[in-house]
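**Student:** structure for the following, please:
(chains A, B, C and D)
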Number of protein chains: 2
Amino acid sequence: MVIELPLIEHFKNYLPLNEEEIKLLEPRVSQRKLKRRQMILQEGLVCRYYTFVVEGCLKMYGVDNKGVEHNLQFAAENEWIADLGSFHSDKPSKLFIEAIEPSLILQIEKQDLYFLYRSIPKLDRIFKVIIENKFIELQNRVLQNISSTAQERYQSFLELYPKLALRLPNTQIASYLGITPEFLSKIRSERKTG
Amino acid sequence: MVIELPLIEHFKNYLPLNEEEIKLLEPRVSQRKLKRRQMILQEGLVCRYYTFVVEGCLKMYGVDNKGVEHNLQFAAENEWIADLGSFHSDKPSKLFIEAIEPSLILQIEKQDLYFLYRSIPKLDRIFKVIIENKFIELQNRVLQNISSTAQERYQSFLELYPKLALRLPNTQIASYLGITPEFLSKIRSERKTG
DNA sequence: ATCTACCCCTAATCTATGTTAAGCCTGTTT
DNA sequence: AAACAGGCTTAACATAGATTAGGGGTAGAT
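**Tutor:** From the prediction side, this is the model:
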């Protein structure tokens, strides 16, 4: 049972790793099962892991001073999730990461990842491309946020993440879009009528 | 007159380049002077350059169907700007990049950048770190956008970019925050009174 | 010196979105 | 079966932010 197989497959989409490289990777990847609602990062703690989702779905969110959650990111199969700011700076995070569904994840600790960057140069390339793609996605989201109505943002969400939209409760989607569940409900009913 | 000196200094903040590497870089960097309002990218065209600002300030923005501009990013001294989505995919951009002040920039074309990535592996590392930092910034901005009031977003902008806030007209800041200039004006007057 | 373009501000009115409160389902616990 | 919690909806009312219109200031262009 090679636990990191899905990860190796994932890297293959960018650049394939050879046998030696895989041997370096193996002992530095650990596997975890998460129950629904289980957290792997809480506000005030340092984000110690770069997390890869094999199965299930996680969310990262912040909580405002009124106690309301705001979803920054979802991560389903074959996606990465981490509070990069906290991870690299070792400063306490202001975010939470939590399983929305029972999930299977792979994690790499910071020192291990840094070691891997040094010993497998192509990982710099791979993660550069991964993060560039996430950057582009995020930039589109910012543009939407500053230029579009909630209605339009919801529409785009459905088009961009059709599978996720079916898996997630609407409360989670509303939190991601930056609106209340009540208002999302109104939007949805207007869409059917109009 | 070594035009790419500011760029070499910039890279030094991450990893210093040696003589050989600098010689590879030199012939692939071109310099341009821009007048106020001059554009280096327009909607419908492919983004061909990764642009580094030596002096001055540029903005990247989208235009909605009512003709209103929405500022996605500013780039002042020692910052990079490009529509990465268009740059890597060769698809037409939906964005504009324009000089807000008379500016001096350095540009690298896609094929040259790819060549440099291949011949100077540490550039993968350098740009990975650069983009990671921009990703973290952008993620904070998204969290603000979905969780904070315009008042709070303006306050954060002033704290995060104090120098930029002095250089930019308020219309540009409003466009970045996702509000109208009129509403920014109201916010500003309330701040003094309150 | 005088235009012109741009920028900033104010105020009245309008609209998108939030708040509060209530009711209905469905699935789960007791 | 009853009780309960979570998620979805609706509706009345409240507020953040947009729109429209107008006036004044300043710098660059002529």
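**Student:** for chain A, which residues are neighbours of DNA strand D?
**Tutor:** Residues of chain A lying near DNA strand D by C-beta under 7 Å from any atom of the strand: A:169-171, A:181-182, A:184-186, A:188-189. All C-beta atoms are positioned from the backbone trio N, CA, C, and that covers glycine.
**Student:** next step: those restricted to helices.
**Tutor:** When DSSP state H is applied, those are split such that A:170-171, A:181-182, A:184-186, A:188-189 fall in helices.
**Student:** what two of the residues you listed are the furthest from one another?
**Tutor:** A:Thr171 and A:Ser189 (15.9 Å; C-beta to C-beta).
**Student:** looking at the two, which has the bigger crowd around it?
**Tutor:** A:Thr171 (14 against 10; other C-beta atoms under 10 Å in any protein chain shown).
**Student:** test my guess that that one contacts A:Pro181.
**Tutor:** Yes: the pair formed by A:Thr171 and A:Pro181 meets the contact definition of C-beta atoms under 8 Å, at 4.7 Å.
**Student:** now do the contacts for A:Gly86.
**Tutor:** For residue A:86 the amino acid is Ser, not Gly. Contacts for A:Ser86 (C-beta atoms under 8 Å, 6 or more residues apart in numbering or on different chains) come out as A:41, A:46-47, A:92-93, A:95.
**Student:** most neighbours, which of these?
**Tutor:** A:Cys47 (26 neighbours).
**Student:** is it correct that it is in contact with A:Ser89?
**Tutor:** No: assessed by C-beta under 8 Å, A:Cys47 is found out of contact with A:Ser89, at 9.5 Å.
**Student:** for A:Met1, give me the pLDDT.
**Tutor:** pLDDT for A:Met1: 65.
**Student:** which secondary structure elements does the helix ranked longest in chain A contact?
**Tutor:** Determined from DSSP H, the single longest helix within chain A is helix A:122-147. In terms of contacts (3 or more C-beta pairs under 8 Å, 6 or more residues apart in numbering or on different chains; DSSP states H and E), helix A:122-147 is packed against helix A:110-119, helix A:150-160, strand B:69-75, helix B:84-89, helix B:122-147, helix B:170-177.
**Student:** which ones are touching A:Pro102?
**Tutor:** Applying C-beta under 8 Å, 6+ apart, we find A:Pro102 in contact with A:33-36, A:56.
**Student:** give me that answer again for 10 Å
**Tutor:** With contacts defined as C-beta atoms under 10 Å, 6 or more residues apart in numbering or on different chains, A:Pro102 is in contact with A:33-38, A:55-57.
**Student:** so how many other residues sit close to the nearest residue in space to A:Ser185 that is not next to it in sequence?
**Tutor:** Leaving aside its sequence neighbours, A:Ser185 sits nearest to A:Asn170 (C-beta to C-beta, 6 or more residues apart in numbering or on different chains; 7.1 Å). A count of neighbours around A:Asn170, defined by other C-beta under 10 Å, yields 14.
**Student:** equivalent analysis for the one 10 residues further on, please.
**Tutor:** Residues lying near A:Thr180 (other C-beta under 10 Å) number 14.
**Student:** per-residue confidence for it?
**Tutor:** Confidence at A:Thr180, expressed as pLDDT, is 98.
**Student:** now the one 10 residues further on
**Tutor:** In the predicted model, A:Glu190 carries a pLDDT score of 88.
**Student:** just to check, it is in contact with A:Thr149?
**Tutor:** No: contact between A:Glu190 and A:Thr149 fails when scored by C-beta atoms under 10 Å: they sit 11.5 Å apart.
**Student:** other SSEs contacting the least confident helix or strand in chain A by mean pLDDT?
**Tutor:** Each helix and strand of chain A was given a mean pLDDT (mean pLDDT, DSSP states H and E); the minimum falls on helix A:181-193 at a mean of 89. Where contact means 3 or more C-beta pairs under 10 Å, 6 or more residues apart in numbering or on different chains; DSSP states H and E, helix A:181-193 is packed against helix A:150-160, helix A:170-177.
**Student:** buried set for the last one?
**Tutor:** The one in question is helix A:170-177. Residues A:172-177 are the ones in helix A:170-177 that count as buried (16 or more other C-beta atoms under 10 Å in any protein chain shown).
**Student:** equivalent analysis for stretch A:11-23, please.
**Tutor:** A:11, A:14, A:17, A:21-22.
**Student:** reformat the helices and strands packed on helix A:181-193 as TSV; add mean pLDDT.
**Tutor:** Shown next, in TSV, are these (pLDDT from 0 to 100):
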stretch	mean pLDDT
helix A:150-160	97
helix A:170-177	98
